[in-house]
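*Asks:* everything below, folded, please.
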Amino acid sequence: MSDTALTGKTPPPPLPPPESSAKCERKSIVIDGIADPMQHPVNASDADVKFLSADNVLFHIHRKNLESQAGAFPPAEFDTRGEIVPLTENAATLELLFRFLYPKRHPHLDTTPFEELSPLAEAAEKYEIYSAVNVCRIRMKNFLPEHAVEIFNYASRHDYREIMAEAAPSLLDIPLDEIVLTLSPGFVIPWGLSKLVIWAGRGVFGEQHELSEGHKFAWREPSSLGFEILAVDVKFNASDADVQFISADNVIFHLHRKNLETHTSAFPTAEFNTHGELVPLTENALTLELLFQFVYPQRHPRLDNTPFEELSLLAEAAEKYEVYSAMNICSVRMKYV
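*Replies:* Below is the predicted model:
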């Protein structure tokens, strides 16, 4: 006998089956000509770390690339154990970011819109992916003065004083009601004081200056923004390094093969068979000292004040050995020397 006959009531309809989660469903993304994510290294079948974007796109990444390319990725509090690690960035940002982890030509970002570049720059800083940090820092300046407030806030968060110096003059043209809503709180009062005393040719943010360009103030520039070559660097003399190179001027460098494998495609070149022996290179120690800093997860040289003679040699070595993070910054710097 049916339940309806016994109770006189129509039973409630059965509950619908639970909806399948879309969190593990890889979506197709088209970024810089990549139509099929399955052909991209961030979806490799042999990857051992899984990340999930804020908009539910799954990325498969090789741990060895994270260890050798990023200083803080994944963050220490994440214990993956084969599970999916959720990240706060969207898929478009992560797709670009993860491309800096692999030994392929990195995105130049010269045509990337500000709306995409800004979150990428923040993600690169957050996870300390230094090959992305460097090029983002340069490209962000290209959007001045249109995005002066956003760029000033970005520069102040990461202590890029030269960018703060370039962005600051444009802030004085912005109305107070807009400034208080957009500028980092710690700079609102100095901004207001600068507006008050600008007639005297002195801004609280900066030092005395010539009033020009609509009475904009000049930010105090740091005394030195260049990069000094280290006489001895422990990273290139580590006892556990397994590859030894000798420069043309007889300086020995000890490198870790895992870093060479994840940062370069042609270093050492195929004709070299090390077997624990010294690998002779044709570049001098000065060039190699700069170049090798791009294969470790540390802040890379900015090359702002590198003389052309040194920059040219570094650019050629980066191309020769396919050190992609160095290739990117060298190509940008060569245009401005």
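
*Asks:* and the helices in the chain?
*Replies:* 3-7, 63-69, 91-98, 114-127, 130-141, 148-157, 161-171, 176-182, 188-197, 257-263, 285-292, 308-321, 324-334 (DSSP state H).

*Asks:* check those helices for me: which has the lowest mean pLDDT.
*Replies:* Note on these: helix 3-7 shows the lowest mean pLDDT, a mean of 50.

*Asks:* for Ile174, which residues are in contact?
*Replies:* Ala148, Val149, Thr182 (Cβ atoms under 8 Å, 6 or more residues apart in numbering). Bear in mind the C-beta positions are built from the backbone N, C-alpha and C, glycine included.

*Asks:* identify the residue spatially nearest to the first one, adjacent ones excluded.
*Replies:* What sits nearest to Ala148 in space, not counting adjacent residues and going by Cβ to Cβ, 6 or more residues apart in numbering, is Ser170, at 3.7 Å.

*Asks:* you'd agree that neighbour is up against Phe143?
*Replies:* No - contact criterion Cβ atoms under 8 Å: Ser170 and Phe143 do not qualify, at 11.1 Å.

*Asks:* roughly how far does Thr111 sit from Ala124?
*Replies:* 18 Å (Cβ to Cβ, to the nearest Å).

*Asks:* neighbour-wise, which of the two wins?
*Replies:* Taking other Cβ atoms under 10 Å, Thr111 and Ala124 do not tie; Ala124 has more neighbours (25 against 9).

*Asks:* might you report the residue contacts of the residue nearest to that one when sequence neighbours are not counted?
*Replies:* Sequence neighbours aside, Ala132 is the residue nearest to Ala124 in space, at 3.7 Å (criterion: Cβ to Cβ, 6+ apart). The neighbourhood of Ala132, defined by Cβ under 8 Å, 6+ apart, consists of Leu96, Leu97, Phe100, His106, Leu120, Ala121, Ala123, Ala124.

*Asks:* just those now: which is nearest Ile246?
*Replies:* His106 (28.5 Å; Cβ to Cβ).

*Asks:* so what's that closest one up against?
*Replies:* Counting by Cβ under 8 Å, 6+ apart, the residues that His106 touches are Arg99, Phe100, Ser131, Ala132, Val135, Tyr324, Ser325, Met327, Asn328.
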